[in-house]
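*Asks:* Here is a sequence with its predicted model. Questions after.
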Amino acid sequence: MIALLRRDLALAVRAGGGFGLGLAFFLIVVVLVPFGVGPETPLLTAIAPGVLWLGALLACLLSLDRILALDWEDGSLDLMATSPLPLEGVVTIKALAHWVTTGLPLVLAAPVLGVLLNLPGPGYPWLTLSLALGTPALSVLGTFGAALTVGLKRGGLLLSLLVLPLYVPTLIFGAEVARRGAAGLDPMTPLLMLAGITCGTIALLPFASAAVLRMNLR
Amino acid sequence: MIALLRRDLALAVRAGGGFGLGLAFFLIVVVLVPFGVGPETPLLTAIAPGVLWLGALLACLLSLDRILALDWEDGSLDLMATSPLPLEGVVTIKALAHWVTTGLPLVLAAPVLGVLLNLPGPGYPWLTLSLALGTPALSVLGTFGAALTVGLKRGGLLLSLLVLPLYVPTLIFGAEVARRGAAGLDPMTPLLMLAGITCGTIALLPFASAAVLRMNLR
Amino acid sequence: MLVKASDLAIARGGVPVLEGLSFALGAGEALILRGPNGAGKTTLLRTVAGLQPALSGTLEVAEESVAYAAHADGLKSMLTVTENLSFWASVFGQSSIEAALDRFNLRSLADRQAGTLSAGQKRRLGLARLLVTGRPLWVLDEPTVSLDTASVQLFAAAVRAHLAGGGAALIATHIDLGLEARVLDVTSHKAVHRDIPGGFEEAFL
Amino acid sequence: MLVKASDLAIARGGVPVLEGLSFALGAGEALILRGPNGAGKTTLLRTVAGLQPALSGTLEVAEESVAYAAHADGLKSMLTVTENLSFWASVFGQSSIEAALDRFNLRSLADRQAGTLSAGQKRRLGLARLLVTGRPLWVLDEPTVSLDTASVQLFAAAVRAHLAGGGAALIATHIDLGLEARVLDVTSHKAVHRDIPGGFEEAFL
Amino acid sequence: MSLWEYANPKKFLALSGKVLPWVSGLALACLVIGLVWGFFFTPEDYRQGATVKIIYLHVPAALMAINSWLMMLVASLIWIVRRHHVSALAAKAAAPVGMVMTVIALVTGAIWGQPMWGTWWAWDPRLTSFLILFLFYLGYMALWDAIENPDTAADLTSILCLVGSVFAVLSRYAVLFWNQGLHQGASLSMDAEENVADVFWYPLLVCMAGFVLLFLALVLLRTRTEIRARRIKAILARERAA
Ligand code: HEM
Ligand SMILES: Nc1ncnc2c1ncn2[C@@H]1O[C@H](COP(=O)(O)OP(=O)(O)OP(=O)(O)O)[C@@H](O)[C@H]1O
Ligand SMILES: Nc1ncnc2c1ncn2[C@@H]1O[C@H](COP(=O)(O)OP(=O)(O)OP(=O)(O)O)[C@@H](O)[C@H]1O
Ligand SMILES: [Mg+2]
Ligand SMILES: [Mg+2]
């Protein structure tokens, strides 16, 4: 298991994908927003928490198809299924590796990008906290979607279509935490919901992902 | 050439990718925005043109790696390079096929999605016009990016990173047309700029794409 | 007994391809599968490896005993030869990859990225993976594709050593490997009973 | 003369692999390339096909004459056998694919999706593509991989017919195809002059 | 044996062939009666005017949009547990019908919203959850479409349906939390106080019955088509292999 995690991280770094690019995409989305909606500061401030969460979500989404597709194409997945690793473990590790290479950098970078969108002062800790709590759920859900679409040639867009509605609750609660935090309101309720969703998905979804993957390998 | 276009369209339809999914992604981005930024109608109205343009851009972006990567992986690109088709023609057709399967449906769907974001009435024709003029440029630029990254394993995110800065002028002028149109101002100047960009890219970029592709095949 | 199949029927894409297969492999034995293209050899090997269920009949495979090598080698082109092997070694709980490197003559390529190997060199690396699994039953699908004659010899020697060490091998191939082994020609087992229960279209006929 | 190479040197990934190659192929001639794994056969074929430049020496290939078949077959798994062939036929300006279907015994698979073919059936389809190019010079990289013996015969017959019709073929292979053709063993041409002008590190040495 | 006998495609075809005309006929009758009654023989609402009549399409469609997802969920569970092909195909057949119902609810709602709320669309929780439901339908159908092996497709889509149902419910609560909107609450409770006036209520009931029957008829019809398609495929495969 550790070997798998290490390999996935090594591949992420080596393949030139990994850390840098998820971040770069996040940065670019955040930068493009003012071009799209215009540069008025109050408007940007109002939408800042939402845009940051959306950007994180899209950056996550864009790298989902790397989670399993490469291993499928070169046959590694077949070989892993016949190895002593349980598939539940494989998908969990894959989700973890995805989070470390995509979610974690976003959590760390979000406060910096918040400045670009004039996020109000009290929002920063809440934004970071909500992303730290929410992005693992995004990775786990994404792995489920990746397992569903793994047999299909370049299921990239199908994957997005399947995964995005699943992202809705996480996005709503996450953005709500950041929004309330930025507005100085009490963000406890959505924060708890967010934590609940994350724990629930982490506890249960790997089983669904493994089952689905087993069917796809058949 | 026609055969290539026909094949690409057939593949887009058959692979379950094509028409439907680009649209679906566009829809989803537009739907997610209110979850991120909150449901207040005036706020949504203010950012509607920008969000629609951004959504179209991201939907385009997500399918870029289909343009050339599949043909690269299964060796078709090598074979095409040794065929009588000029590579300039190949990349032009590829861009055209991408536009027909992604850009065109977006143009047609944008007004419907405008309703979701409470786009003001006078904005609709301008939004459609700006997308119709701008999305071909997105496809051509995307093909260039795809040609640049084709050799690299799953260059998906790298591709986004390379292409997004190239998209900035198109996005700025396109969103400006839609914004001015929605606000009842005169959108002529950005419209002309947009048309200029599109014509320029269509006329010149295929040569760059073909050259880059030739190097990548080497 | 490492594998034991009796009256096995298998299907691919919902269509029965082979039926009435019976064979058994114990320690030190090898079985070579032959049959024309499209006969169903790959399908049979995938079934034995546990990747797909059998249609009918019984198939007993010893727990955790299979090392499967498919057409695709499962190599990561961005990792070096050593890294690729070490990864699989630790997945299968083994520690040393030295023997595998030596046996398949990969020592001089050890630090090359797998993506820059030639077709035959990649295949050698894929076969070396078998040695680091420590599993007794090798299930091999056309293992010698793109190998030159010297490498085919290397491979045959590796299989012989594996058998001598109490292993077994089930090999689908079109060429002569120079191994002393039983041969099972699947041609005569072509599925004719289209109504084998369990075929997923069966319910609709 | 369809190809003429004299004192050719080629490199892969910036490293010279073969040098001093001289050969020529006219109508009706075939040349078989042999050499151990990693010798540089694939590199040479890619050079002849015009996909990469030679390092030094001269290589003359008749304009628009090459039909290249690499390891990968360039098949679209979502399209049927017929659609795949028709596409390539129209790219190369040919109209009929019937002869190709018949010659490689693909008639019964004509409406199958390419993705559901077995390894050998895919390869047969990849080879059938050569017939619809209408090009005189076939440049083939291990064309018989995963073919059974009957299909190898089919392939050899197709090559013979092509040669008889005034074509030429340059074939890298590890097995005996049963063709009457000259053989070029590249082993003896291994590049030793690491400073062949044109290697991309050369400027730094 | 009992009820499960009809999970055999052939038995199902035979039985459904007999039932289908009746169901379709009843559906047609109910719809005609309900809609004509509702459109032409009820008074106009004192506040909403004639626009209120759209309720006869809107509410039944909304009802069936949800129920059809429920039916898919049940059918998926049956497939996962007992592996009856008909249930998998019934789930597949219900998806487009449910999606169309969702679209009808959304579109009639939007048409209604224009005079009522002065906007075609508002991010009201109920509207929003329908939009999300629409997305789930879309994803479900796209997945069916993308997979070639029908058994694998049935397996994967039923798991998607399970997971999707959980997340659809979650989204509903999330959306409610996010925005307490304009749309009125459930007024279909048995509690007469909360119900709409009886004059509107009876034709609405008939319409709802009509939509339920229409849904049944369509699903039966589409399931039969799917079964026949599979049959053709099976026969072709057999001929090709022979
Ligand atoms: C586009 C969006 C809309 C959607 C998706 C939608 C959805 C629904 C649903 C699901 C129901 C059934 C409620 C239940 O059975 O508990 C319903 C009922 C109803 N809707 Fe809408 N609605 C939409 C727009 C509107 C608009 C604009 C109005 C305008 C006033 C409206 C008025 C009603 C009324 C009066 C009912 C019946 C009351 C009831 O039985 O609950 N809806 N709608
Ligand atoms: N995904 C699929 N769907 C439907 N049929 C398939 C699929 N894959 C393979 N087949 C068919 O099943 C049969 C058995 O295929 P299999 O790959 O097992 O053959 P094989 O004996 O390994 O052949 P080869 O020697 O060419 O590798 C073939 O006729 C093939 O066309
Ligand atoms: N992308 C690359 N970068 C660096 N070196 C490479 C690359 N690809 C191949 N090589 C090396 O170049 C040499 C020639 O490779 P080539 O593929 O031409 O061999 P080959 O004769 O076709 O071998 P095989 O019979 O195994 O296919 C090999 O030693 C190989 O390791
Ligand atoms: Mg095979
Ligand atoms: Mg080679």
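*Replies:* Good, I have the coordinates. Ligands and ions are numbered 1, 2, ... in the order given.

*Asks:* CA only for contacts and neighbour counts going forward, please
*Replies:* OK.

*Asks:* Settle this for me: E:Gly89 is touching E:Thr225, isn't it.
*Replies:* Not Gly; residue E:89 is Leu. No - judged on C-alpha atoms under 8 Å, E:Leu89 makes no contact with E:Thr225 at a distance of 9.5 Å.

*Asks:* And the residue nearest the centre of chain C, which helix or strand is it part of?
*Replies:* In chain C, the centroid-proximal residue (C-alpha atoms, centre = their mean) is C:Leu140; its distance is 1.7 Å. In this assignment (DSSP states H and E), C:Leu140 forms part of strand C:137-141.

*Asks:* Now find how far off-centre that strand is within its chain.
*Replies:* On the basis of C-alpha atoms, centre = their mean, to the nearest Å, the separation between the geometric centre of strand C:137-141 and that of its chain is 2 Å.

*Asks:* Pull the CA coordinates from that strand and hand them back as PDB.
*Replies:* As requested, C-alpha coordinates have been extracted for strand C:137-141 and formatted as PDB (Å, rounded to 0.1, in the frame of the first residue of the first chain):
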ATOM      1  CA  LEU C 137       1.500 -20.200 -10.900                       C
ATOM      2  CA  TRP C 138       2.500 -18.100 -13.900                       C
ATOM      3  CA  VAL C 139      -0.300 -17.300 -16.300                       C
ATOM      4  CA  LEU C 140       1.300 -15.900 -19.400                       C
ATOM      5  CA  ASP C 141      -0.300 -14.500 -22.500                       C
END
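
*Asks:* doesn't C:Ala150 fall inside a helix?
*Replies:* Yes - inclusion of C:Ala150 in a helix is indicated when DSSP: H, G, I helix; E, B strand; the rest coil is applied.

*Asks:* measure E:Asn67 to ligand 1 for me?
*Replies:* As for E:Asn67, its distance to ligand 1 is 10 Å (criterion: C-alpha to the nearest ligand atom, to the nearest Å).

*Asks:* let me fix that: E:Ala29
*Replies:* Applying C-alpha to the nearest ligand atom, the value for E:Ala29 to ligand 1 is 22 Å.

*Asks:* Skipping its backbone neighbours, what lies nearest that residue in space?
*Replies:* Distances taken as C-alpha to C-alpha, 6 or more residues apart in numbering or on different chains put E:Gly210 closest to E:Ala29, at 7.5 Å, once the chain neighbours are dropped.

*Asks:* Let me know the helix or strand that the one you found is in.
*Replies:* Using DSSP H and E, E:Gly210 maps to helix E:198-241.

*Asks:* now check that helix, is it near ligand 1?
*Replies:* No - when contact is scored as C-alpha under 6 Å from any ligand atom, no part of helix E:198-241 falls within range of ligand 1; the minimum is 9.2 Å.

*Asks:* Going by residue numbers, what spans are helices in chain A?
*Replies:* When assigned using DSSP state H, the helices of chain A occupy the ranges A:2-14, A:18-37, A:41-62, A:69-73, A:76-81, A:87-98, A:104-116, A:123-149, A:156-182, A:188-217.

*Asks:* ah, wrong one, I meant chain E
*Replies:* Remark: helices of chain E, listed N- to C-terminal, are E:9-40, E:55-82, E:85-117, E:125-146, E:150-178, E:198-241; assignment by DSSP H.

*Asks:* And for the residue in chain A positioned nearest to ligand 2, the neighbour number?
*Replies:* Ranked by C-alpha to the nearest ligand atom, the top residue of chain A for proximity to ligand 2 is A:Arg218, at 10.0 Å. When neighbours are counted by other C-alpha atoms under 10 Å in any protein chain shown, A:Arg218 registers 16.

*Asks:* what about the nearest residue to it once chain neighbours are set aside, is that helix, strand or coil?
*Replies:* Closest residue to A:Arg218 apart from its sequence neighbours, by C-alpha to C-alpha, 6+ apart: C:Gln52 at 4.6 Å. Secondary structure of C:Gln52, reduced to three states by three-state DSSP: coil.

*Asks:* Could you give the number of residues near C:Gln52?
*Replies:* 20.

*Asks:* and it, what is it in contact with?
*Replies:* Residues counted as contacts of C:Gln52 (C-alpha atoms under 8 Å, 6 or more residues apart in numbering or on different chains) are A:Leu217, A:Arg218, C:Arg46.

*Asks:* at 10 Å what do you get?
*Replies:* In this structure, C:Gln52 makes contact with A:Arg214, A:Met215, A:Asn216, A:Leu217, A:Arg218, C:Ile10, C:Ala11, C:Arg12, C:Thr43, C:Leu44, C:Leu45, C:Arg46, judged by C-alpha atoms under 10 Å, 6 or more residues apart in numbering or on different chains.
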